[in-house]
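> model this:
(2 chains)
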There are 2 protein chains.
Amino acid sequence: LARHRHESQHAIPLPDELSLDRGKGEQLHELLEAYIAKLRPGDLLPSERVLAERLGVARMTVRQEFERLTVQGLVRRQHGQGTFVAEPKLVQTDHVSSFSEDMWARGKTPGSRVISVRVQTADPVSAMRLQLRPEAEVVNIVRVRTGDGEPIALERTNLPADRFPGLEHADLSNASLYELVERRWHVRIDRAEQRISAVLPDAEDARLLEMSPKLPAFLIERVTRDADGGVIEFGRSLYRGDRYDVLMNVSRVPN
Amino acid sequence: LARHRHESQHAIPLPDELSLDRGKGEQLHELLEAYIAKLRPGDLLPSERVLAERLGVARMTVRQEFERLTVQGLVRRQHGQGTFVAEPKLVQTDHVSSFSEDMWARGKTPGSRVISVRVQTADPVSAMRLQLRPEAEVVNIVRVRTGDGEPIALERTNLPADRFPGLEHADLSNASLYELVERRWHVRIDRAEQRISAVLPDAEDARLLEMSPKLPAFLIERVTRDADGGVIEFGRSLYRGDRYDVLMNVSRVPN
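Below is the predicted model:
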C-alpha cells in the first residue's frame, strides 16, 4: 500500500485570522475543504495545534472540524502520526454496475468475504419485491464487499431459486454475481430501481463492516430487472458512509 | 393534522414463534417491516410487551428493532401512547425538481424559514464549483425547508451575484427559488449533478432541523446548469434521514 506523504503544511497559504462575522467552525471547515482539494491522498495536514495557533481558534474547534472531515471521509487520522488526506471516496453512478466493476473503475481490486449462501423461504418483503408467491424459495447471498481488502459494503441479496438453479454452489468469493448470471443463465441485466436511505448500522453489521455503529451508512435497496422487465434480484446493501458517495445526474425534464 | 388511528394489532396474524436458525432481531425486523407495509400511516403497532410475549423474544430485542425502525423513518413513537406507522418518507427522484415541487407532489404544503440571505465573497469551494474567479460575489441563501410545517431540509445555496442582481431582496420565505429565477431572469434550468453523502449533522444544523445530532442525514451537493451548460447554482443541503429517501432509476448501459 504505497502512500506518498508530503510535509505540506507550508505549501499552501492559510489566512492569518478568521473573519468575525461568521462562525469560526464554518469558516475553518470551508478553509480545510479547499486546502484538502489542492492536496493529494496521503498528504499530511497541519496539526491541531498549528492550526489553532495560526488561526486564533480553540483547539477543540479544530478537533471538531477534523472529526467532521473524518466522518465525511475526506481525511484519515492516524494515532500519533497526524491527519492525512484520505483516498477519494468510491462512488456509485447512475448506471447499473456491479460492485466489482465499480472497484475496477477506481483502480481498486474488488474482493468478497462470503458470510452465507443459502436457499431459503423468501422473507415477506423480498417475496413482494421479487413478485414471487409467498413462501417461494430464494437464493440468499450475504457478502462483505472489499476494495483493496478494506470493507466497503455489506451486501444482502436475493434471487429466485427456480430461475437460477445451482447458484448456491457457485464460488462467489472473487466473482461478480452479475457477470455470473449473465454468462451462465444468459440473463440480460437491463435496469434497476434503487431506494437510498441514510441509516445507522446495527451492532452486528457495523462489526462486519469494521466501522462504528454510531457512524452513518447508506442503505441501498435495489430491484434489478432483465430485458423483459422481469425482476431477477432484490438486494439490500449497506455502504460505509465514510468510503462511499452516490453520484446522480438529473435533468429538469423527467427522464 | 388529521391522523387515523386504528387499533390494528389483531388485524394481521403474527407467527406464534420465530425460527431458531436465524437471528431473532433480524426475523423480527423482517416481520415488522412486512406488517407495517400492510398498514396505513397513523396505525398503532402492537406494544413491546405484546410482541415480546407473543414471539418469545426479550423486550430489549423488540425495543432495539423499534428504534431501528424509528431511525429508518418507518414508525414514530409517541411517549405514553405507543408506536405508530409513520407517514411515507419524502423522496427525491432523478429529475431536477425544486423542493417546493417535491412537496406538492407528495400532497404536502412546502414552506421555508429563511435563516439568512446575503451577498458575500464566495467561499473557495463554491467559487470553484460555480466556475467563478476567486473572490467573486455570490448570493448566499440559507433556508430551513418544511413540509406541512415540519423541518425536512437545511438548504445552503449560492448563485453568482452578477447574474441575479437583486435576488437578495426577493422574498424567499414561501417561494420556489427555481420558479423565481426562471420567471424573473429567464434562466432555463436544464440539469444538475448531485453528490450524495451520508453524514451526521453538526450541533447547530441538527438544532435547525429539530433532530438529534446522533442521527444520520444526507448531504446533497448540487451543481445546477442552464440550457447552455453554464453553472447557475452550487448548493449543499442537509436532509433528515428519517424523513427523506433518494430514488434512482439506473440502466445497465450508461446514460
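
> tell me the SS of A:Q120?
With DSSP: H, G, I helix; E, B strand; the rest coil as the basis, A:Q120 sits in strand.

> gap between it and A:Q194?
Between A:Q120 and A:Q194 the computed distance is 24 Å (C-beta to C-beta, to the nearest Å). For every residue, glycine as well, the C-beta is placed using N, CA and C.

> need phi/psi at A:T61.
Dihedral angles of A:T61 (phi, psi; degrees, to the nearest 10) stand at phi -60, psi -40.

> pull the CA atoms of the helix or strand A:R222 falls within into PDB?
Of the helices and strands defined by DSSP states H and E, A:R222 is found in strand A:217-226. Coordinates of each C-alpha in strand A:217-226 appear next as PDB, following Å, rounded to 0.1, in the frame of the first residue of the first chain:
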ATOM      1  CA  ALA A 217     -24.200   4.400   6.300                       C
ATOM      2  CA  PHE A 218     -26.200   4.200   3.100                       C
ATOM      3  CA  LEU A 219     -28.900   1.500   2.900                       C
ATOM      4  CA  ILE A 220     -29.400   0.900  -0.800                       C
ATOM      5  CA  GLU A 221     -32.400  -1.300  -1.800                       C
ATOM      6  CA  ARG A 222     -32.200  -2.400  -5.300                       C
ATOM      7  CA  VAL A 223     -34.700  -4.200  -7.600                       C
ATOM      8  CA  THR A 224     -32.900  -5.400 -10.700                       C
ATOM      9  CA  ARG A 225     -34.700  -6.300 -13.900                       C
ATOM     10  CA  ASP A 226     -33.900  -8.200 -17.100                       C
END
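
> paired strands for that strand, with orientation please.
Sheet pairing for strand A:217-226, assigned by DSSP bridges, gives strand A:189-199 (antiparallel), strand A:231-240 (antiparallel).

> who's more crowded, A:Q120 and A:Q194?
The residue with more neighbours, out of A:Q120 and A:Q194, is A:Q194; 22 against 17, by other C-beta atoms under 10 Å in any protein chain shown.

> separation between the more buried one and B:V199?
With distances defined as C-beta to C-beta, the gap from A:Q194 to B:V199 amounts to 19 Å.

> what comes up buried for stretch A:74-91?
Neighbour-count burial for stretch A:74-91, counted by 16 or more other C-beta atoms under 10 Å in any protein chain shown, picks out A:74-77, A:82-87, A:89-90.

> swap that for stretch A:35-46, please
Of the residues in stretch A:35-46, A:35-36, A:39, A:42-46 count as buried by neighbour count, 16+ other C-beta under 10 Å.

> near chain B, anything from that stretch?
Yes. For a cut-off given as C-beta under 8 Å from any C-beta of the partner chain, stretch A:35-46 has contacts with chain B, namely A:A37.

> rounded mean pLDDT for that stretch, please.
Model confidence over stretch A:35-46 averages 89 on the pLDDT scale.

> how about stretch A:68-78?
Averaging pLDDT along stretch A:68-78 yields 88.

> is chain B within reach of that stretch?
Yes. Using C-beta under 8 Å from any C-beta, a contact is recorded between stretch A:68-78 and chain B, made by A:68, A:71-73.

> try stretch A:159-170
No. Applying C-beta under 8 Å from any C-beta, one finds stretch A:159-170 separated from chain B by no less than 15.7 Å.
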